[in-house]
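A.B. asks: Structure, please.
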Amino acid sequence: MAIEFIHLHLTAQSLSKEIDMAHFAKVINGIVTEVNVVEWETLNIEGHPWGDPSLWIQTSYNTHGNQHPEGRPLHKNYAGVGYTWDGTGFSPPQPFASWTKNSTTYLWDAPTPMPVVEGKMYSWDEPTLSWVEVTQGA
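C.D. replies: Residues are numbered from 1 along each chain as shown. Reported below is the predicted structural model:
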């Protein structure tokens, strides 16, 4: 019984290594509506449950701000629901009207950099277009 379990476990491990899985974002009208892990081959099978393959764009869980730990960023950022796709990369929703999208990272930059003061936290105040210190317990 134990030998059968070990054989089944090793067989399952071998099969999982052979299946090429990746994260894909479904993009409709430039907006990400869902993100799933899908087998490469599944997207190319006629009648697969994911719908039109042209709506799915690969995204890398390890890509953020056009950086990847292994030096191979994919589409600027890992996609999330509500992110936008412009044919080059994914960017998160714009947090404030005054912020601009960085053309390299596809992340949003405030009009002024956030202060860096040890032990202090800040939040963006859109009406004054400034960073405001957050006080603990307030």
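A.B. asks: residue boundaries of the strands in the protein?
C.D. replies: In chain order, the chain shows strands spanning 21-28, 31-39, 56-59, 84-85, 90-91, 100-101, 108-109, 121-125, 130-134, with DSSP state E as the criterion.
A.B. asks: Nearest residue to Trp131 in space, ignoring adjacent ones along the chain?
C.D. replies: Counting by CB to CB, 6 or more residues apart in numbering, the nearest residue to Trp131 once its immediate chain neighbours are dropped is Tyr122, at 4.2 Å. In this view, the C-beta of every residue, glycine as well, is placed from N, C-alpha and C.
A.B. asks: ok, so what distance separates that neighbour from Asp20?
C.D. replies: As for Tyr122, its distance to Asp20 is 43 Å (criterion: CB to CB, to the nearest Å).
A.B. asks: what's the answer for Asn77, then?
C.D. replies: Separation of Asn77 from Asp20 (CB to CB) stands at 22 Å.
A.B. asks: So those two - more neighbours on which side?
C.D. replies: Remark: of Asn77 and Asp20, Asn77 carries more neighbours, 22 against 9, as counted by other CB atoms under 10 Å.
A.B. asks: OK, contacts around the more buried one?
C.D. replies: Contact criterion CB atoms under 8 Å, 6 or more residues apart in numbering gives 59, 63-66, 83, 89-92, 105-107 as the residues in contact with Asn77.
A.B. asks: Any of the residues you listed buried? List them.
C.D. replies: In terms of neighbour count (16 or more other CB atoms under 10 Å), the buried residues within those are 59, 63-64, 66, 83, 89-92, 105-107.
A.B. asks: The strands of the chain into TSV, with extra columns for mean pLDDT and distance to Trp50?
C.D. replies: As requested, the strands of the chain are arranged in TSV below (pLDDT from 0 to 100; distance: least, CB to CB, whole Å):
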stretch	mean pLDDT	distance to Trp50
strand 21-28	92	8
strand 31-39	91	6
strand 56-59	92	6
strand 84-85	98	16
strand 90-91	97	18
strand 100-101	98	29
strand 108-109	98	30
strand 121-125	96	38
strand 130-134	96	43
